[in-house]
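Q: Need a 3D model of the following:
(chains A and B)
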Amino acid sequence: MNETLKVDRRDAKLALAHIYVAFIALALGGLAGLLQTLVRSGKFTLPANISYYTILTTHGVLLGLVLTTFFIIGFQFAAVSRTAGTFSDRVRFWGWIGFWLMTIGTAMTAFFILIGEASVLYTFYAPLQAHPGFYLGLTLVVVGSWISGFAIFAHYARWKKEHPSQVSPLLTFMAVVNMVLWLVCSLGVAATVLIQLLPWSLGLVDRINVLVSRTLFWYFGHPLVYFWLLPAYMIWYAIIPKIIGGKIFSDSLARLSFILFLFFSIPVGFHHQLMEPGVEPFWKYVQVVLTFMVAIPSLMTAFAMFATFEMYGRSKGATGLFGWLRKLPWGDARFFAPFVGMLFFIPAGAGGLVNASHQLNQVVHNTIWVTGHFHLTLATTVVLTFFGAAYWLIPHLSGRVMTKAMNRLAIIQTIVWAIGMAFMSGSMHFAGLLGAPRRSAFSTYGNSPQALEWIPYQIAQAVGGTILFIGIILVLVIVTNLAFFAPKGETEFPVGEVAETAERTPLAMENWKLLISITVALILIAYTIPFIDMIQNAPPGSKGYKLW
Amino acid sequence: MANEKIKGKATENSNLKGTLASVFLLGFFLIFTWVSVYFLFLERL
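A: Numbers count the residues shown, from 1 in each chain, chains lettered A, B, ... in the order given. Below is the predicted model:
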């Protein structure tokens, strides 16, 4: 198990399998997204009686859950194999078991959505009730991801055993933190699916405690956002410095920010439930405070990125306050796409602070502002970073090289994406401030003057959605080329080195007993009392509804 | 000697004025957005 510069061919196959599924999900989910924006413009109706809500659920599940989870696990397998050495046969075997469980689960979930038996949106809130096959499919996806997580933990444990008293490779450490975060948070969604939703949809019980199911969902749902975001941060912290020719500003700072994400991204779910009855305001307040704590590691990341770029620019002779910006490799899509993603994270973060503030949440709650917000965080910051990573990861794994023409196309793709998203997400934010609801098909609500005000913004969303769909076609062309048609050759898997001036990383940062104890303690503090209250003072519960 | 070299290099590269300015701009943007929506909230009370 030696550290190598190249991902082993067998590990590469495992990583690539995940990435292929991710991009197939992008193609189908992206098409669903285009159709949604067209319907919401009021100028288009879906053919053959297809329901808007079926399309909406397809879009959310395929892009929010499938694209992300598959890309992340594939990328992490590659990153761990590259930095902590080739997998053992056993680790790889379990990696494949995880992959197939997730794939079968995805196919099952998609099937029940497409036949119109599960138009419950990607949040699958009770009392909307889907076919049991939908919940079973999702369970397989989650269980598959757990198996992959344990495969990564086993590989990490072996590395630690073979390298006593050494700090683990940064990318491997980050992948382990992300999978610990995923494991702890997905216990919530597993609990609501297995204990509540599945027995209820099978008819074993008549009624469901809606508040408990929503609380368990959001115990999972917010850290899910960080499960998406942390791999993007892995790329920013550990890979982008190498791509630009610079150094990692600080290994300890990168690890500390990941540890803070582990602590503070889970006990914060109530900020999605600020408008819900049945939760004491005090506990909402506690979780809002913890939500603001989670802004700190993101601000640390912003600082580290600026510092990395400035240090590099100055080492190349940049002068003036912002002269270093000119020294960055703007013509390299591996840098340009993630950089544009970083820029979009600034308004995304600002919107997040608004969402998490109790009073301000009343202005934007359940409006399309929120949809605009996560199209900045996930669909721009995270996705553009993943696209940027795909431009070197796929050719590295497939034994090919990216041509200049494809690099140029990737730069154009990034610009197209940025323009499309500025239109779509921007108009979603403004329409949301005017009260336009999310999760709903086109309606003038009986020609109410307020609803008529939203229509120009909805047309702008359709324009943006169409531009974004062109972006999806472009990225699929590039990815297909890199996987199957680009010239054969060697592509580097870039891994940054730490700057000479950075402090040494303390070993205590890998004290997992301590890290997990603090994580669990914060969860118990934030959730125990309100959860007991929800169960002790439970209403009779709700029967299931199929409103589509 | 080698240490001095590294130290010299560190001083030359550790000019992070641009980073300081950038994080301030970022902070102002966050505050501006938050305050704007807060005033919208107050207006609609």
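Q: Up against chain B, what does the stretch 151-300 of chain A have?
A: Taking C-beta under 8 Å from any C-beta of the partner chain as the contact definition, the stretch 151-300 of chain A meets chain B at A:Leu299. Glycine gets a C-beta too; all of them are placed from N, C-alpha and C.
Q: need the helices for the stretch 151-300 of chain A, in chain order.
A: A:170-191, A:198-201, A:210-234, A:240-244, A:251-264, A:281-315 (DSSP state H, counting those that start in this stretch).
Q: Give the other helices and strands that the longest helix belonging to chain B contacts.
A: The single longest helix within chain B, with elements called by DSSP state H, is helix B:17-43. Other helices and strands packing on helix B:17-43, by 3 or more C-beta pairs under 8 Å, 6 or more residues apart in numbering or on different chains; DSSP states H and E, are helix A:281-315, helix A:333-356, helix A:358-364.
Q: Please identify the most buried of those.
A: Of those, the one with the most neighbours on average (mean count of other C-beta atoms under 10 Å in any protein chain shown) is helix A:333-356, at a mean of 22.
Q: between that helix and helix A:210-234, how many degrees?
A: Going by axes from the mean of the first three to the mean of the last three C-alpha atoms, to 10 degrees, helix A:333-356 is angled at 150 degrees with respect to helix A:210-234.
Q: what about helix A:333-356, average pLDDT?
A: Mean per-residue pLDDT for helix A:333-356: 97.
Q: After the host helix or strand of A:Ile55, which helix or strand is next? Please name it.
A: Using DSSP states H and E, A:Ile55 sits in helix A:52-59. Counting by DSSP H and E, the next helix or strand C-terminal to helix A:52-59 is helix A:68-84.
Q: Show me what whatever helix or strand comes next after that following helix is packed against.
A: Next helix or strand after helix A:68-84 toward the C-terminus (DSSP H and E): helix A:89-114. Identification of packing neighbours for helix A:89-114 by 3+ C-beta pairs under 8 Å, 6+ apart yields helix A:9-40, helix A:52-59, helix A:68-84, helix A:132-162.
Q: I figured A:Ser201 was touching A:Leu128, is that so?
A: No. Under the criterion of C-beta atoms under 8 Å, A:Ser201 makes no contact with A:Leu128, lying 10.4 Å away.
Q: Let me know the pLDDT of A:Arg504.
A: In this model, A:Arg504 is scored at 84, pLDDT.
Q: That one belongs to a helix?
A: No. Counting by DSSP: H, G, I helix; E, B strand; the rest coil, A:Arg504 falls outside a helix, being coil.
Q: quick one, the helix holding A:Ile55 and helix A:9-40 angle?
A: With the same axes, to 10 degrees applied, the angle from helix A:52-59 to helix A:9-40 works out at 160 degrees.
Q: give the contact list for A:Arg82.
A: If you count contacts by C-beta atoms under 8 Å, 6 or more residues apart in numbering or on different chains, A:Arg82 has them with A:4-7, A:171, A:493, A:495.
Q: likewise A:Arg504?
A: A:Ser252.
Q: and it, backbone torsions?
A: Per-residue torsions, A:Arg504: phi -70, psi 150 (degrees, to the nearest 10).
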